[in-house]
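**Student:** A structural model of the following input is requested.
(one chain, ligands or ions: 2)
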Amino acid sequence: MSQSLNIAVLAGDGIGPEVMAVSLDVLRRAGDKFGFSLHLNEQLVGGAAIDAVGQALPPSTLAACEAADAILFGSVGGPQWEHLPPQEQPERGALLPLRKHFGLFANLRPSVCFPSLTHASPVKNELIPHGFDVLCVRELTGGLYFGQPKFRREIDGEMTAVDTMIYKKSEIERIAHVAFAAARTRDKRLTSIDKANVLENGLLWRATVTEVAQSYPDVVLDHLYVDNAAMQLIRRPASFDVVLAENLFGDILSDEMAMIAGSLGMLPSASLGAQKPGGLYFGLFEPSGGSAPDIAGRGIANPIAQILSSALMLRFSFGLQEAAAAIEEAVKATIAQGLRTGDIWSEGTQKVGTSEMAAAVAANL
Ligand code: IPM
Ligand code: MN
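**Tutor:** Ligands and ions are numbered 1, 2, ... in the order given. Modelled structure (predicted):
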């Protein structure tokens, strides 16, 4: 009997459904080749769920996620839902609650620019002669995003907003372990980001990461203040290996890294909970880019971020290393063949649409 993968599929809004559909085709092809089958539970999320049933994360969707071993996520959001109260909008109403509910504290955002695609990067190409390959490890369930108290109300006759930045040492330790372990599988260099010159959180962050480093003597650790890091990423992008940051800093820097890599359409992400006995993770896997409403429904979106997200899912949630690596290699091969969606197209390469790109990746498997 072949392994059956129990996956909740939440395609969402914008380009989500179209890139999801073709990446499921790639997964099926990988299943044929590597001997697994898919047990998919497709559910509404985000704006699509608001339109259908009035809330971004309906209980039925949450229940389907609870019953699954992984969540394959598309993207949520779009201008038609921006008038709603913030808490009810697709992003805050669905994505943040999912992260918190499942304790997905470790967000891995690989930012990779293949050497053949450096033209798509806005940084001077001589700064990234061999492309760009940095992993951002972002803490995802703490800090300013979730700290209490959090409110906006009138105090002493004036509107006042409060967000609370709070980290327990144990929260910093567990994400630091994830980052050091990841660095071990790469170039063994870790840059930890903080604002220790101003924030108490920064002091605790730096001290804790330094302590955790003692368990990883083979990994070279350095620390940067977040403002300096934003600058150094532009000045010497190729010098970074793994970057570790708390929630908000990681949010900001991972967008910067994505931009340096060229196209958001290429970048996957994994949001993982604690490792389960046996070494696997429950996780949510989604493209780093958003729902791109401006190009939705036209069949031109780059499906690679979604395809690579499903590869991360095979690796982290199902332990299917070989199949995951095969998908990643098939993506590289497809790029090497000169196929390009509009976001990465350049003179002399072949412009293709969403389904052609995915079909080529499947064929290269
Ligand atoms: C991200 C997004 C989310 C975040 C938004 C949509 C809530 O920007 O995943 O980086 O801020 O975490
Ligand atoms: Mn973001």
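**Student:** poorly predicted segments of the chain, please.
**Tutor:** Applying pLDDT under 70 to the chain flags the ranges 1.
**Student:** show me where it has helices.
**Tutor:** When secondary structure is read from DSSP state H, the chain shows helices at 16-34, 47-53, 59-67, 90, 96-101, 169-184, 200-213, 226-235, 247-261, 304-318, 321-336, 354-363.
**Student:** most packed of the ones you listed?
**Tutor:** Highest mean neighbour count of the helices of the chain: helix 90, a mean of 27 (counted as mean count of other Cβ atoms under 10 Å). C-beta coordinates here come from the backbone N, C-alpha and C atoms, glycine included.
**Student:** and the helices of the chain as a markdown table, adding distance to ligand 1?
**Tutor:** Formatted as a markdown table, those follow (distance: least, Cβ to the nearest ligand atom, whole Å):
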| stretch | distance to ligand 1 |
| --- | --- |
| helix 16-34 | 13 |
| helix 47-53 | 12 |
| helix 59-67 | 17 |
| helix 90 | 8 |
| helix 96-101 | 6 |
| helix 169-184 | 15 |
| helix 200-213 | 18 |
| helix 226-235 | 15 |
| helix 247-261 | 5 |
| helix 304-318 | 12 |
| helix 321-336 | 22 |
| helix 354-363 | 22 |
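**Student:** nearest to residue 83, out of the ones you listed?
**Tutor:** Closest of the helices of the chain to residue 83 is helix 47-53, at 11.3 Å (criterion: Cβ to Cβ).
**Student:** mind giving me the packing neighbours of the closest one?
**Tutor:** Applying 3 or more Cβ pairs under 8 Å, 6 or more residues apart in numbering; DSSP states H and E, one finds that helix 47-53 contacts strand 3-12.
**Student:** go with 10 Å
**Tutor:** Judged by 3 or more Cβ pairs under 10 Å, 6 or more residues apart in numbering; DSSP states H and E, helix 47-53 is in contact with strand 3-12, helix 16-34, helix 59-67, helix 90.
**Student:** run through who's touching that helix.
**Tutor:** 10-14, 16-17, 43-44, 55-61, 74, 76-82, 84, 88-91, 93-94, 291, 293 (Cβ atoms under 10 Å, 6 or more residues apart in numbering).
**Student:** and those residues, which are buried?
**Tutor:** Buried residues within the contacts of helix 47-53, counting neighbours by 16 or more other Cβ atoms under 10 Å: 10-14, 16-17, 43-44, 56-58, 61, 74, 76-78, 81, 89-91, 93-94, 291, 293.
**Student:** count the neighbours of the closest residue to ligand 1 within the stretch 101-250 of the chain for me.
**Tutor:** When scored by Cβ to the nearest ligand atom, the stretch 101-250 of the chain has residue 145 as its residue closest to ligand 1, at 6.9 Å. When counting by other Cβ atoms under 10 Å, one arrives at 19 neighbours for residue 145.
**Student:** who are the contact partners of it?
**Tutor:** 92, 96, 99, 100, 139, 163, 165, 246, 247, 248, 251.
**Student:** looking at the residues you listed, spot the one nearest residue 362.
**Tutor:** For those, the nearest to residue 362 is residue 99 (30.3 Å; Cβ to Cβ).
**Student:** surely the closest one touches residue 57?
**Tutor:** No. The criterion here is Cβ atoms under 10 Å, and residue 99 misses it with residue 57 at 11.1 Å.
**Student:** ok, back up a step: what's the separation between the residue of the stretch 101-250 of the chain closest to ligand 1 and residue 96?
**Tutor:** 7 Å (Cβ to Cβ, to the nearest Å).
**Student:** coming back round to it: may I see the helices and strands packed on helix 47-53 organised as CSV, with distance to residue 302 added?
**Tutor:** Shown next, in CSV, are these (distance: least, Cβ to Cβ, whole Å):
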stretch, distance to residue 302
strand 3-12, 16
helix 16-34, 8
helix 59-67, 26
helix 90, 21
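**Student:** now do stretch 64-78: distance to the chain's middle.
**Tutor:** Distance of stretch 64-78 from its chain centroid, counting by Cα atoms, centre = their mean, to the nearest Å, is 13 Å.
**Student:** using CSV, list the CA coordinates for it.
**Tutor:** Provided in CSV are the C-alpha atoms of stretch 64-78 (Å, rounded to 0.1, in the frame of the first residue of the first chain):
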residue,chain,number,x,y,z
ALA,A,64,-10.3,20.1,8.2
CYS,A,65,-6.9,21.5,9.1
GLU,A,66,-7.0,19.8,12.4
ALA,A,67,-7.7,16.5,10.8
ALA,A,68,-4.9,16.8,8.3
ASP,A,69,-1.1,16.3,8.6
ALA,A,70,-0.3,19.5,6.7
ILE,A,71,-1.9,22.6,5.3
LEU,A,72,-1.2,23.6,1.7
PHE,A,73,-2.1,27.2,1.5
GLY,A,74,-2.4,29.5,-1.5
SER,A,75,-2.9,33.2,-0.7
VAL,A,76,-5.6,35.4,0.8
GLY,A,77,-6.7,39.0,0.5
GLY,A,78,-7.7,41.5,-2.1
